[in-house]
Each structure stands twice: as structure tokens, then as C-alpha cells.
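Chemist: Predicted model and sequence below, questions to follow.
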Amino acid sequence: MKTKNRKIGVFTFFLLTILAIALKTYFAYYVDLSLGVKGLVQNLILLMNPYSLIALILSVFLFFKGKKSFWFIFIMGFVLTFLLYANVVYFRFFSDFLTFSTLNQVSNVESMSGAVYSSFSWYDFIYFIDTIVFLFVLIFKSKWFTTKAFPKKFVPVVMGVAVALFFLNLAFAESDRPELLTRTFDHKYLVKYLGPYNFTVYDGVKTIQNNSQKALASEDDLTEVKNYTKQKYQEPNKETFGIAKDKNVIKIHLESFQSFLIDFKVNGEEVTPYLNSLAKGNKDYKYYPNFFHQTGQGKTADSELTMDNSIYGLPQGSAFSLKGDNTYQSLPAILNQRGGYETSVMHGDYKTFWNRDQVYKHFGVDKFYDATYYDMQQKNLENLGLKDEVFFDESIAHLKEQKQPFYSHLITLTNHYPFTVSPEDATIEKPDTGSATLDGYIQTARYLDESLEKFMTQLKKEGLYDDSVIIIYGDHYGISENHNKAMANLLGEDEITPAKFMDLNRTPFFMKVPGLEGGVDERYGGQVDVMPTLLDVLGIKSNNYLMFGTDLLSKGHDETVAFRNGDFITPKYKSIGSAVYDNKTNQPMKTKPKDLEKNKNNVEKELELSDQLLHGDLFRFYDNPDFKKIKPSDYEYKPGNGYQEE
């Protein structure tokens, strides 16, 4: 008697698809995504969190009959796989996860194609093995499948199990991380506890809420922000207030530059000899070794926003892309209105990148020298745009055009991921860390250092050095957590712990102020502190501006540095998630600091208020007696006479 061949039913295919996607998710968790998973509970949550939303979405297609149900499950499985893989590639580059807000930044991808390409890995085919197998079987082995429909009365039961699994997952998550959905800014925590698929739903809900804030905002919403910033404001140092009145301001942005490079040697050779000379008690420059970037997903754009507005970037996406049409009370406009400054930005990329041609109008920037003002021949290009040496050399002529006093912001490019430099420009040998990214970073950092030194020589030659305030700063980290193993190798560490990684978020800050003695200043600070510091040394009273930072030179300067994900650091300790580490030892503290909860609450409040300020466009309601609202229509950035964009 012949036995009847068993065929694959739709419910079996449904379970196989869930299992395949879950296995890929686990692979991503432990191979590509640095989520900081510790302990049995967190590992159990990680094992649990992929299933609920995958099962809920795919269960919808159990209602369908025949082969359609198989194909719909397959297609949706592919969509979920693509979402996972897109997050993996994005994480390798940004150390963050895709949000609906970041989809508004897709126009930047073309300019960063080299960096995106470098984010692919040889083993990425693993993410699509099941897709290939299932597709082959569905097309060529369709006889293996039964056309018998799944009983519709059981579909709600499957959905109910999926929903119950989500709430079980959430309960475990809340037990380990209380108020996860209401007081967490860090996307890594959300993905660790909820999984990438539930995170996408959460982000969608948050995006809808945030987008509705501007329409619902009113003048009353501004009151809390005004009260907070007024309370945080610190009186300027009497000895330094106005010390640089009417001096030019030259602000130099060191792309992706981290402080560990300062006074660091590779193969016995200094990586950045020029910057080292500025950091070692130079009479002209104050150097802040405990200065930190405070950027989020917007990276460079967030840095610009924070440095020129003393507010934080958004938790999702970039304010340059999402809130480019907001009202601002920015540093360039304040300097123009209060000090008669001509203001400009110089950058060897095209003006539409990061929506700068629109945002700068809302910042009150008079002139924008983009790539069309520079010689963009192929020989002058590297990675994302103009080589730093060429950029600095040609920017001198633009600086000389400025009516003094002027404020000019120069943005470098070469030291950008994936950190490539031509052999003729590489003047230091690569280390052998096991990471091509980190090895290249050493060479591009040296190139940037040499280019900067030549620029300073030119400034002195043209008589622009002595009479200018010069700010030199790193905008954000260059080496993400994905390269922690290689970084540990480079630094001679056993591993890069969370506390050590926070240390690596230091970015250099140098400040030359005519009349102010240089030297090393150990005080802690961040990018929100730059605007109030500059206003004070230029003699512009800043008490009526809404700023979350405080003057680095003020005796009352707040040394608690907040990060976009809700973590923070003080001169004594680091708060990372629910853990607290001693700054001297980087070991967990046995006794919680007395001011921990107070500082944590202040950081959360500050980030929330900054988000409200941006999402609600609250500056439009603020009638500041010291500021005239900017009319973006008054600004026009005409292309230069150099190389024209095709």
C-alpha cells in the first residue's frame, strides 16, 4: 500500500518563514549590531523580541486561499528581511538604526555612495539565503505545496498569540529597563529590548506625534523652555567678557576627528604633530581635552546645529532635513545684528547636501561658498569632495573678500568615512589593526593635520591670524563601535568597554582668543557650550537667548555633558544606561553618586525641551528684545564661477 506524500501546508510555510527571519535577526544581533547585551535577562529578551511583530504581520496572509497565501507570506518575509538588512548596513555606517526621519535624507546617499559601498560585507549573502531557497521552491517545486486553506477561525488565535508575545516581551523589557518607551532616547536600547521590527512601528508612531507638534504648538509651550534656560544661564566671567570684541571669528570643523588622536603615536610616529603642538600648553590656544560631541543621527549636520544654536539635534533624523524651515536664533544672525559681522560658511561639497542651502538662510548666513566656488577637478577630489589642502588654500581668497569683522565657518571633508587618501597624500604608514577603516583613519587624520598647519601659516601671512578668534573642533566620532576590536588593538586595550567608548566620544576643542592666555583647560564641556562661550568673549550679552549650554569660561559653567541618547558624563562619573562608572577607573561604582538622579532628570528634561523647541518650532513665538526674526527670503546663495555641478 502506497503512502500518500505529505505536502507543505501554508501554516508550516508561515512558521518556517518566521523561524528564518528570526535566525537572521539573531545573526545580526551577534555579528553586526553592537547592542551591549549583558546578563541572562537581556539575552532572553533578545531571543524573544523578533517573533511578535513578524508573526502578527504574516498571520494576515493566512486568510488567503491557495498559492496566493504562500506568495504573500514570501513577499512580506522578503520585505522584513530587507528592513533588517537595511538596518544592518545603516548601523555599520552610523552606529544607529533607520528611522522614518532618516528616509528624508536619502538625497545625501548619492554624495556618500563611496561610504555606503564600504558598509557592505562579504558575508551579507547570509541574510538572503532563505529568500533564494523559498523563491526557488515556490517557482520550481510548487507541487510540494498544498492548496488547502488554513482554517480562518484559527487566524485570530494566531494573532492573539503574537500580541500576547509582544506584551510578554514588553513586560520583561520594562522589568529590566523601566519606562522604556517614555524615558529612553537611545535607539540601541529600544532595538535591544523590542527588536528592529517593533522599533520601526514605535518610530512610526513617534514620527506622527512629532510631526503634529508644530501644528498644535502655541506660545504657552515656550514658557517651560524659557524658564529652564533662564535658570541654567550663568553670568560671564568678568575677566573674559568682551575680551575679543569686534574680532573676526574663524571656526574650523575637523571632520570625524576624535581626541584620542591627540598626542597619539603609530609605529613610533605622531599622527597629528601640529594639533599636538597646540594641545601642549600653547600660548595662543586653550585646549579642552574633556570636550565631547553631542550629535545624533545627523552627525555633521547635528554638530552645526548645536554649535550655532546651543540646542540638541533630534533623536531621529536630522533637523537640517526635517526642520530646515524652522525659525532659529542662530549665532551668525546674532553676530550680524549685534556686532555688524558679515557671516559665511565654506565647504567643498554642493550646497544642497544636508539641505544646507535652505537651513543657512534660516540661520542668517550671508554667504555660502559651496563646491561651485572651488576648483573641483578630479585631481583635487577625494572621497566625498574637495581635498582639505586644496579647500583651505582656496578658502584664503574667500576670507580676504569678507568685510571685517567677519564670522566664517570652514567645513573639511577628507577625514570622512571610509577614510581614503591617495598614496601621494599619505605621509604616515598605516597601522595593522585588522580594520581597513581604522587603518585609513590614521592616514586621513595626518593629512588633515598637515592641511590645517598650512592653512594657519597662510592666515598669518595674510594678516588674518592675530586679529581673529579661531575655533578648531571635531564634529563627531569617526570610528564606530563596529570597530571596537580593532580600536582595542590600536590602543593596546583588552577591550573597548561602554565606559571606554564614552571616553572615545571626546572630540578636540581648541580656542584662540586674542588677549586670552592659552593652555590646557580640564573643565568638561560639549558642543552646546560653544555658542554662549563665543558670545561672551565677543562682548554680546546672551541672557535673553534660549541656550542649553553655558560659557566654558564662566565660573558657574555646568560640567555635566549630556549625550543625545540620554547618557551623560560629569568630571567624576559616567552614566550609561542604568550603569554608573567611575571616571578614574572606568569600573562600575559600588555606591551611586548623590547627584546621580538629579543630573539624570536634568539631562532628560533638557533633551525633551530641546526636542519640543524643534518639533514645535517654538522660536517663532519668542519675541526676543535682543533679536530681530530672520527672513529667509532676504538670503540668496548664487553659484560661484568655478566648477559647475552637472
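Modeler: Yes, it's here.
Chemist: What does R506 show for phi and psi?
Modeler: When quoted as degrees, to the nearest 10, the phi and psi of R506 stand at phi -70, psi 130.
Chemist: Contacts only, for K192.
Modeler: L35, G36, V37, Q42, I45, L46 (Cβ atoms under 8 Å, 6 or more residues apart in numbering). C-beta: built from backbone N, CA, C; applies to glycine.
Chemist: Which strand or helix spans it?
Modeler: Assigned by DSSP states H and E, K192 belongs to helix 187-216.
Chemist: Identify each buried residue in that helix, please.
Modeler: 187-200, 202-203, 206-207, 210, 213-214 (16 or more other Cβ atoms under 10 Å).
Chemist: Let me know the angle separating the next helix or strand after it from helix 187-216.
Modeler: As assigned by DSSP H and E, the chain's next helix or strand after helix 187-216 is helix 220-232. Note on geometry: by axes from the mean of the first three to the mean of the last three Cα atoms, to 10 degrees, helix 220-232 and helix 187-216 are set 120 degrees apart in direction.
Chemist: can you list contacts of helix 220-232?
Modeler: So helix 220-232 is contacted by 543, 545-548, 550, 558, 605-606, 609, 612-613, 616, 618, 621-622 (Cβ under 8 Å, 6+ apart).
Chemist: Same check on stretch 66-86?
Modeler: 10, 13-14, 17, 20-21, 24-25, 28, 54, 57-58, 61-64, 98, 124, 127-128, 130-131, 134-135, 138, 142, 145, 147, 149-150, 196-197, 200.
Chemist: which residues does E342 contact?
Modeler: Here E342 is in contact with N336, D366, K367, Q402, K403, Q404, P405, F406, Y407 (Cβ under 8 Å, 6+ apart).
Chemist: so which of those is the most crowded?
Modeler: Most neighbours among the contacts of E342, by other Cβ atoms under 10 Å: Y407, with 26 neighbours.
Chemist: So, low pLDDT: which residues of the stretch 101-250 of the chain?
Modeler: 101, 104-117, 182-185 (pLDDT under 70).
Chemist: 50 - rerun?
Modeler: Within the stretch 101-250 of the chain, not a single segment meets pLDDT under 50.
Chemist: likewise the stretch 501-646 of the chain?
Modeler: 644-646.
Chemist: hey, where'd the strands end up in it?
Modeler: 509-512, 519-520, 525-526, 561-562, 568-569, 573-576, 579-582 (DSSP state E, counting those that start in this stretch).
Chemist: same thing with the stretch 351-500 of the chain?
Modeler: With DSSP E, counting those that start in this stretch as the criterion, the stretch 351-500 of the chain has strands spanning 367-369, 381-382, 385-386, 406-411, 468-474.
Chemist: P50: which of those strands is closest?
Modeler: strand 468-474 (36.8 Å; Cβ to Cβ).
Chemist: That closest one pairs with which strands?
Modeler: strand 248-254 (parallel), strand 509-512 (antiparallel) (DSSP bridges).
Chemist: What are the structural domain limits within the chain?
Modeler: The record's domain parsing of the chain by automatic domain parsing lists 10-213, 243-555.
Chemist: Out of the ones you listed, which is the most enclosed?
Modeler: domain 243-555 (a mean of 21; mean count of other Cβ atoms under 10 Å).
Chemist: what's the first-to-last distance across that domain?
Modeler: Using Cα to Cα, to the nearest Å, the end-to-end distance of domain 243-555 comes out at 16 Å.
Chemist: do the same with stretch 35-44
Modeler: End to end - Cα to Cα - stretch 35-44 spans 14 Å.
Chemist: Equivalent analysis for stretch 281-296, please.
Modeler: 32 Å.
Chemist: Let me see the ranges of the helices in the stretch 251-400 of the chain.
Modeler: With helices called from DSSP state H, counting those that start in this stretch, the stretch 251-400 of the chain shows them at 273-279, 300-309, 319-322, 331-339, 356-363, 388-401.
Chemist: so what does the fifth one touch, helix or strand wise?
Modeler: Right, the one you point to is helix 356-363. helix 331-339, strand 342-347, strand 367-369 (3 or more Cβ pairs under 8 Å, 6 or more residues apart in numbering; DSSP states H and E).
Chemist: Reformat those as TSV; add mean pLDDT and distance to L491.
Modeler: TSV is the format used below for these (pLDDT from 0 to 100; distance: least, Cβ to Cβ, whole Å):
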stretch	mean pLDDT	distance to L491
helix 331-339	98	35
strand 342-347	98	32
strand 367-369	97	38
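Chemist: Which one, of the ones you listed, ends up nearest to V158?
Modeler: Of all the helices and strands packed on helix 356-363, strand 342-347 comes closest under Cβ to Cβ, at 53.8 Å.
Chemist: what distance separates that closest one from the centre of its chain?
Modeler: Between the centre of strand 342-347 and the centre of its chain there are 23 Å (Cα atoms, centre = their mean, to the nearest Å).
Chemist: now it and strand 406-411, what's the angle there?
Modeler: Using the same axes, to 10 degrees: strand 342-347 against strand 406-411 is 10 degrees.
Chemist: Within the sheet, what are the partner strands of strand 342-347, with directions?
Modeler: Here, using DSSP bridges, strand 342-347 pairs with strand 367-369 (parallel), strand 406-411 (parallel).
Chemist: Redo these as JSON lines? Include distance to Y465.
Modeler: Output for the strands paired with strand 342-347, formatted as JSON lines (distance: least, Cβ to Cβ, whole Å):
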{"stretch": "strand 367-369", "distance to Y465": "20"}
{"stretch": "strand 406-411", "distance to Y465": "13"}
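Chemist: out of those, nearest to L261?
Modeler: strand 406-411 (18.6 Å).
Chemist: Run the chain-centre distance for that closest one.
Modeler: Distance, centroid of strand 406-411 to centroid of chain: 22 Å (Cα atoms, centre = their mean).
Chemist: got the contact list for it?
Modeler: Here strand 406-411 has contacts from 248-253, 255, 300, 304, 308, 331-332, 335-336, 341-348, 391-392, 395, 398-399, 402, using Cβ under 8 Å, 6+ apart.
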